[in-house]
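*Asks:* this is a predicted model, with the sequence first.
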Amino acid sequence: VVGGGAGGISAAFRLQQAGFAVRVLESDSRLAGRTATERLNEFIVDIGAGILPGTYDAVQRLVRDAGLAELLDEMSAPTAVCRDGRLHYLPLSNMVGAMLKTRLLGWRSKLLLARIAATTLKMYRTLDFENLGRAARYDTETLEAYARRELNAELLDYLLNPVQKMMYVVPASSASVVDFFWCAKNLLHPLAYSVRGGMDQLCVQVARTLRVELQTRVTQVRDSGDGVEIEALAANGSVQKYRADVCVIATPSRVTAQIHTGLDARQRQFLERLNYSRLVDGHLFLKQRPAHEAVVVMVPDSVDTDLCGLVLEHNKAVDRAPPGKGLIRLLLTDRWAREVGALSDDEVYQRSLDKALKVLPELADLVEAHYIHRWDAVATMSSPGCYGQLQDFVASLDPHARIQLAGDFYALGSVNTAVTAGENSARRLIA
């Protein structure tokens, strides 16, 4: 298995369950991929994915089958949206009732919520974690165009665009309309979970029984006709060669395109042309916790166009910050990440803090340290028409090939998308 993120570990676990002798090759010095975690000054800092919605069936199945159910801690704190200087709380445990009662939206907007529900139901069967290309027939416009045609400016400004920004750090003006409805089905759920000890424990603990080789960068995967040949560079620069009966490639799309020699020209072109969002996010270590109950605070453009939202990590999980102290994560847009890419961490911190103060002004007196993390490739970015291309790509793959793909491109980027891709790749090889 090439890749030690959630997709690779999921595939490796399922293959080992079926009796395969499995080896995982990971280029980094640690497992986890985009579920990575840092441990800094008694704080547990999730730098990739941070929350597992209750719809993540594949993740829950993996954790349960690995005997690690105790890893998942249920969350109960609500989501909030900032408007007119205050936070409007939307408890996931009763989202329908919360949307009807909230002062975030006027009564006209609340009536129009029925249209969102109707569109979600119309698309429902196509909005899965396995192949979002099935929703291609609905992928005809941006989310903003849909909102202006079917809804109103208030719903766009205070619900649809904030959700799109918070989930995928890109605005409704560029993203496919499919993204929002996929989120509406798969992310808005009464239950959500954090991972005890940090998100990386999802991969680290599942991999306890697997053979893993870190700092091993695979450079080529080739079907030899009677098996699979893999070449890699070890940490010391030496070339390592492996031979296997089957192989799963669970890497970002461009890495897959580079190392998989069996792709045809159209498959390679699809993988090479996928656009990934960038993320430069700030983590604020607080000497005291602000008096807010929310885990996630979404930020509309009227407050700040580049600040997607804040995650109050100390409300998400009790172990993320020492007793009495707080930890807040600032998520900013892909556009902003590209704009500040050349700035120092201290400059990025100051600019991002200025934006956060528009939402929680009390942070000015609470921050005692900070950490800036930069991702060059976070998740694939959509645009109208992209899901038709995905459908064609998936249809072109051979389900009986010795080399199967478990990348992050089958649906919108999420831990469950990765775990599902890993499960499915293993299932095809086992069959």
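*Replies:* Received, thanks. The shown structure was predicted, so the numbers you read here are calculated from the model rather than taken from an experiment.
*Asks:* distance between the ends of stretch 61-81?
*Replies:* Stretch 61-81 has its terminal residues 32 Å apart, counting by Cα to Cα, to the nearest Å.
*Asks:* could you list the buried residues of it?
*Replies:* For stretch 61-81, a neighbour-count test (16 or more other Cβ atoms under 10 Å) marks 62-63, 66, 68, 71-73, 75, 77-81 as buried. (Glycine included, C-beta is placed from N, CA and C.)
*Asks:* now those residues as TSV including pLDDT and distance to Q220?
*Replies:* Listed next are the buried residues of stretch 61-81 as TSV, based on pLDDT from 0 to 100; distance: Cβ to Cβ, whole Å:
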residue	pLDDT	distance to Q220
L62	98	29
V63	98	33
A66	98	31
L68	98	34
L71	97	35
L72	97	38
D73	96	41
M75	89	43
A77	75	47
P78	87	49
T79	94	45
A80	97	49
V81	97	48
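*Asks:* tell me which of those is nearest to T380?
*Replies:* Of all these, L62 has the smallest distance to T380: 22.1 Å, by Cβ to Cβ.
*Asks:* still on that earlier bit, now for the buried residues of stretch 61-81, which pair is the farthest apart?
*Replies:* A66 and V81, at 36.2 Å, using Cβ to Cβ across these.
*Asks:* in strands, which of the buried residues of stretch 61-81 appear?
*Replies:* 72-73, 75, 79-81 (DSSP state E).
*Asks:* distance to Q16 added to these, as a markdown table?
*Replies:* Putting those into a markdown table (distance: Cβ to Cβ, whole Å) gives the following:
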| residue | distance to Q16 |
| --- | --- |
| L72 | 22 |
| D73 | 27 |
| M75 | 31 |
| T79 | 37 |
| A80 | 42 |
| V81 | 44 |
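*Asks:* out of the residues you listed, the closest to V2 would be?
*Replies:* L72 (27.3 Å).
*Asks:* give me the distance between the closest one and L92.
*Replies:* 16 Å (Cβ to Cβ, to the nearest Å).
*Asks:* what does the lowest-mean-pLDDT helix or strand in the chain rub up against?
*Replies:* Lowest mean confidence among the helices and strands of the chain (mean pLDDT, DSSP states H and E): helix 95-101, at a mean of 87. By Cβ atoms under 8 Å, 6 or more residues apart in numbering, the list of residues contacting helix 95-101 from outside reads 78, 89-91, 105, 110, 113, 188, 190.
*Asks:* go again using 10 Å as the cut-off
*Replies:* If you take Cβ atoms under 10 Å, 6 or more residues apart in numbering as the criterion, helix 95-101 is touched by 78-79, 88-92, 94, 104-105, 107, 109-110, 113, 116-117, 159, 184, 188-190.
*Asks:* pLDDT averaged over the strand or helix carrying A257, what's the number?
*Replies:* Following DSSP states H and E, one finds A257 within helix 253-259. On average, the pLDDT along helix 253-259 is 97.
*Asks:* which parts of the very next helix or strand once past that helix are buried?
*Replies:* Toward the C-terminus, helix 253-259 is succeeded by helix 265-273 as the next helix or strand (DSSP H and E). Under the neighbour-count criterion of 16+ other Cβ under 10 Å, helix 265-273 has 267-268, 270-271 buried.
*Asks:* for L210, what are its contacts?
*Replies:* 1, 4, 8-9, 12-13, 15-16, 22-24, 31, 203.
*Asks:* among those residues, which are in strands?
*Replies:* 23-24.
*Asks:* so S93 touches L188, yeah?
*Replies:* No: S93 is beyond contact range of L188, at 11.3 Å (criterion: Cβ atoms under 10 Å).
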